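**Q** Give me a 3D structure for the following:
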Amino acid sequence: MAVQTRVKSARNDSPKIEKHAGLTRDALIRLYRTMYLSRKLDDREIQLKRQNKIYFQISSAGHEAVTAAMGLLLRPGVDWIYPYYRDRALCLMLGVTPLEMLLQAVGAAADPSSGGRQMPSHWGHTKYNIVSKSSCTGTQFVQAVGAAEATFYYEAHPKALPQARKAPLGELAKHSADEIVYVSGGDGATSEGEFWESLNAACAKKLPLLYLIEDNGYAISVPVEVQTAGGSISKLVRGFPGLHVAEVDGTDPIAGYTAGQEAVNYCRERRGPALIHAHVTRPYSHSLSDDEKLYKVPEEREAEAHRDPLSKFALFLVREGVLDQKQIESLEAQVDHEVRQAGDAALAAEAPTVESIMTNVYSPDGDPTSSAFEAEAKLHGAPKTMVEMVAATLNDEMSHDERITVFGEDVADASREENLKEVKGKGGVFKATAGLQRKYGSTRVFNTPLAEASIIGRAIGMATRGLKPVAEIQFFDYIWPAMMQIRDELCVMRWRSNGAFKCPAVVRVAIGGYLTGGAVYHSQSGESIFTHCPGLRVVMPSTALDVAGMLRTAIRCDDPVMLLEHKHLYRQPYNRSEYPGPDFTIPFGKARVVKEGTDVSIITYGAFVHRAEVAAAQLQRDGISAEIVDLRSLSPCDWDGICASVRKTHRVIVAYEDMLSWGYGAELAARIADELFDELDAPVRRIAAMDTFCGYHPHLEDAILPQSDTVIATVKKLMDY
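**A** The predicted model follows:
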């Protein structure tokens, strides 16, 4: 329970109140009321958890002072908030109600943060620009960078905002002239790489981003001196250029307000980012799943109790004559009654229905698998390679949609714009974005630091605010630092917020082998890992025409999309196409029948499509008619198209470049055997790479990756079955 100190009343002294960082009597009382309300909500949740009426609890106790003070300085519905799970007092100050918080605790359908889908204290509220928070530690920092970049982007590109407002959830496309972005975390979260990546980007771009690091001395059971070198995050970050750094007693709301006011003004004046290192306390265990008595000695716990911001501030208010003892007791009684009422109402609220489980996995608006994305190609001009088609399609889309921004490693023509007068420009290591920076400028096409998690996180922050980022991961082999941002943030945002927030970013990734010299770290596949992520669309075109249609669909649809571009196919002459026009789209989930056949179906995608064609030509000469189905869309896939082909030929091979075991083809083979068993005249066969890594020497690569000869041999065995 809250530590409360009872003292004798003191006289009201208005001149003293004027000195309290300019805070009025009403503001001081509001601070205390919010702090006390936050603590009582924690206590009510603890009580409910012990009664098995809620299922998890993590408190904000000890953090109330500095977060309540920040709530006085930030503007609800104007500034953008990326909060920490201990930011209850901040959220209360911004406008979130006790009932709304307890609805989250009981997992009610009416919970505005997630509709009962997330744990308590995972804040989110569109009305106040509180962006949905996940359980992941530190992921919010790079997303806040993207949100702050959106602030500058809307200022530089006035057409983007009205375009964003016309899109689904357009009400989230807001921008105010002096808005800032707030992001917070514990000291433990500063050990994550995303924290440092975010500081690097924020300082390089002088973003209006305010960090609040709430240091309670522990990351669960790990003390700060073990977690942070030297035991002080503020000392570590002081070398970042342009970063305003303040260290403050976070248990003192007036000190927190003073430090916060300086930092907020610094950001609003566009002088750069700011970081407040607030020393707070944690009088309760990390959560109800933790017992701090296992690692904190009694003396330490007693010392923390004496630093409790609630009892300290109550004593201060009485000593300063702001409130007397009776007034404090009356205020607390009102809050106690409010919390009891909110608790009763929350317990009576309806739970989410089982039928709602699949709602908001994907966008309810603009289904990319629908006929709305079927368009006839109007071919014209000289044939383009696949990589040339990427650039041409991006150029077309960027010309009429100012929301689109393109970024990643080396995607710009030249970061030093003055060099463009003398150099041709890079435009990506494969030239897929060549010329775009020259045409659209460095605010729309720009290079990022070599930091994959940051690239995806920034895209999430931009997309959440209504922009349409097209981010590039230079090589699929190096996507893994961004895995948490993709799996736990990008594809989950809509579902975890119950449709309140979204981040329909496009992630372009160069993938695959058959490079002759690509070796271990430039030849990887692994698409099944991402098709295993609900909420994410994954497509892999094999022709220049398909890349034009599918990239355009990716940009225009309302879901996050991963576009896998096979490196081997970028400049092949056999998959070139004339340009299909600025409105050509291809629906996701619709395969392409490359070759009709009657004897066997080859279900494939990516670079193996052409190898299947080579094999089918030889098989045709041998009297075997093979049908080739290019899936091109992996999630969703065209199950109806697969069924139609298998019912036609009654024999099937699933061929893919990834390793044989546990791959994408294994799922297709299992489903075909499960649902189409009666249609089969022979077992389902798979052709894939060996269960090892791709070697550098060409004869190793040829042996490891599947080839056309393997298809021919497998088909003939299948025909003899």
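**Q** Ala688 touches Trp662, doesn't it?
**A** No: look at Ala688 against Trp662 with C-beta atoms under 8 Å: they stay out of range, at 10.3 Å. Where you see a C-beta, it was placed from the backbone N, CA and C, and this is true even at glycine.
**Q** okay, those two: which has more neighbours?
**A** Relative neighbour count places Ala688 above the other of Ala688 and Trp662, with 22 against 12, counting by other C-beta atoms under 10 Å.
**Q** which residues touch the host helix or strand of that one?
**A** Taking DSSP states H and E as the definition, one finds Ala688 inside strand 685-689. Counting contacts by C-beta atoms under 8 Å, 6 or more residues apart in numbering, the residues outside strand 685-689 that touch it are 525, 652-660, 663, 665-666, 669, 704-706, 710-711, 714, 717-718.
**Q** Sitting in helices, which of the residues you listed do you find?
**A** Gly665, Ala666, Ala669, Ile704, Thr710, Val711, Thr714, Lys717, Leu718 (DSSP state H).
**Q** which phi and psi does Ile603 have?
**A** Backbone torsions for Ile603, taken as degrees, to the nearest 10, come to phi -100, psi 120.
**Q** mind listing the helices for the stretch 51-200 of the chain?
**A** Under the criterion DSSP state H, counting those that start in this stretch, the stretch 51-200 of the chain contains helices at 64-73, 88-94, 98-106, 139-156, 160-166, 193-205.
**Q** Quick one: closest of those to Lys595.
**A** Between Lys595 and those, the shortest gap by C-beta to C-beta is with helix 160-166, which sits at 41.6 Å.
**Q** which residues touch the nearest residue to Cys637 once chain neighbours are set aside?
**A** Taking C-beta to C-beta, 6 or more residues apart in numbering as the measure, Cys637 lies nearest to Leu631, with 5.5 Å between them; neighbours along the chain are not counted. By C-beta under 8 Å, 6+ apart, the contact set of Leu631 is Met540, Ala591, Ile603, Thr604, Tyr605, Cys637, Asp638.
**Q** Val507 belongs to a strand?
**A** Yes: counting by DSSP: H, G, I helix; E, B strand; the rest coil, Val507 is found in a strand.
**Q** could you check the distance from it over to Ile586?
**A** In this structure, Val507 and Ile586 are 18 Å apart, going by C-beta to C-beta, to the nearest Å.
**Q** cool, Ala345 as well?
**A** Relative to Ile586, Ala345 is positioned 49 Å away (criterion: C-beta to C-beta).
**Q** neighbour-wise, which of the two wins?
**A** When neighbours are counted by other C-beta under 10 Å, Ala345 and Ile586 differ, and Ile586 comes out ahead with 27 against 16.
**Q** quick one on the thing from earlier: out of the helices of the stretch 51-200 of the chain, which comes closest to Pro253?
**A** helix 64-73 (4.1 Å).
**Q** So what touches the closest one?
**A** Contacts for helix 64-73 (C-beta under 8 Å, 6+ apart): 23, 27, 30-31, 34-35, 38-39, 60, 86-94, 182, 184, 212, 214, 248, 250-254, 256-257, 260-261, 264, 276, 278, 280, 309-310, 313.
**Q** what is the mean pLDDT for it?
**A** Predicted confidence along helix 64-73 averages 98 (mean pLDDT).
**Q** Over to stretch 636-646?
**A** Confidence for stretch 636-646, expressed as mean pLDDT, is 98.
**Q** let's have the chain start at 378 instead
**A** All right, first residue 378 from here; so that's stretch 1013-1023.
**Q** low-confidence ranges in this protein?
**A** Counting by pLDDT under 70, the ranges of the chain that qualify are 378-395.
**Q** who's in contact with Lys430?
**A** By C-beta under 8 Å, 6+ apart, Lys430 lies in contact with Val483, Leu724.
**Q** ok, it to Ser436 distance?
**A** Here the distance between Lys430 and Ser436 works out to 17 Å (C-beta to C-beta).
**Q** Then Glu774?
**A** From Glu774 over to Ser436 the distance is 47 Å, taken as C-beta to C-beta.
**Q** swap in Thr514?
**A** Between Thr514 and Ser436 the distance is 17 Å, computed by C-beta to C-beta.
**Q** who has more neighbours, these two?
**A** Counted by other C-beta under 10 Å, Thr514 and Ser436 do not tie: Ser436 has more neighbours, with 26 against 20.
**Q** which element is the spatially closest residue to the more buried one that is not a sequence neighbour on?
**A** The shortest distance from Ser436 to any non-neighbouring residue, by C-beta to C-beta, 6+ apart, is to Asp419 (4.0 Å). The secondary structure element spanning Asp419 is helix 402-427 (assigned by DSSP H and E).
**Q** Next, the buried residues of that helix.
**A** For helix 402-427, the buried set under the neighbour-count rule, 16 or more other C-beta atoms under 10 Å, comprises 402, 404-423, 425-426.
**Q** what about the closest residue to Pro600 other than its chain neighbours, how many neighbours?
**A** Distances taken as C-beta to C-beta, 6+ apart put Gly594 closest to Pro600, at 6.3 Å, once the chain neighbours are dropped. Burial of Gly594 is recorded as 20 neighbouring residues (other C-beta under 10 Å).
**Q** again with Ser568
**A** For Ser568, the neighbour count with other C-beta under 10 Å is 17.
**Q** Please verify my assumption that it contacts Gln604.
**A** Yes: taking contact to mean C-beta under 8 Å, the distance of 5.8 Å between Ser568 and Gln604 places them in contact.
**Q** Identify the contacts common to those two.
**A** Contacts common to Ser568 and Gln604, judged by C-beta under 8 Å, 6+ apart, are Ala596.
**Q** and the closest residue to Met470 other than its chain neighbours, how far is that from Val783?
**A** Closest residue in space to Met470, ignoring its immediate chain neighbours: Gly448 at 2.4 Å, by C-beta to C-beta, 6+ apart. Spatial separation of Gly448 from Val783 under the definition C-beta to C-beta is 37 Å.
**Q** Repeat that for Gly484.
**A** 40 Å.
**Q** Pull out the buried residues from stretch 722-736.
**A** Under 16+ other C-beta under 10 Å, the buried positions of stretch 722-736 are Ala722, Ala723, Leu724, Ala726, Pro729, Thr736.
**Q** Over to stretch 565-579?
**A** In stretch 565-579, residues buried by neighbour count (16+ other C-beta under 10 Å) are 565-569, 571-576, 578-579.
**Q** Quickly name whichever of these is closest to Pro911.
**A** For the buried residues of stretch 565-579, the residue nearest Pro911 by C-beta to C-beta is Glu571; the value is 22.8 Å.
**Q** Assess the claim that the closest one and Gly523 are in contact.
**A** No: because the distance of 11.6 Å does not satisfy C-beta under 8 Å, Glu571 is recorded as not touching Gly523.
**Q** any common contacting residues for these two?
**A** Residues touching both Glu571 and Gly523 (C-beta under 8 Å, 6+ apart): Gly834.
**Q** where exactly do the helices run in the stretch 678-827 of the chain?
**A** When assigned using DSSP H, counting those that start in this stretch, the helices of the stretch 678-827 of the chain occupy the ranges 686-696, 702-725, 763-777, 813-817.
**Q** Would you format these as JSON lines with distance to Ile850 included?
**A** Below are the helices of the stretch 678-827 of the chain laid out as JSON lines (distance: least, C-beta to C-beta, whole Å):
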{"stretch": "helix 686-696", "distance to Ile850": "44"}
{"stretch": "helix 702-725", "distance to Ile850": "43"}
{"stretch": "helix 763-777", "distance to Ile850": "14"}
{"stretch": "helix 813-817", "distance to Ile850": "17"}
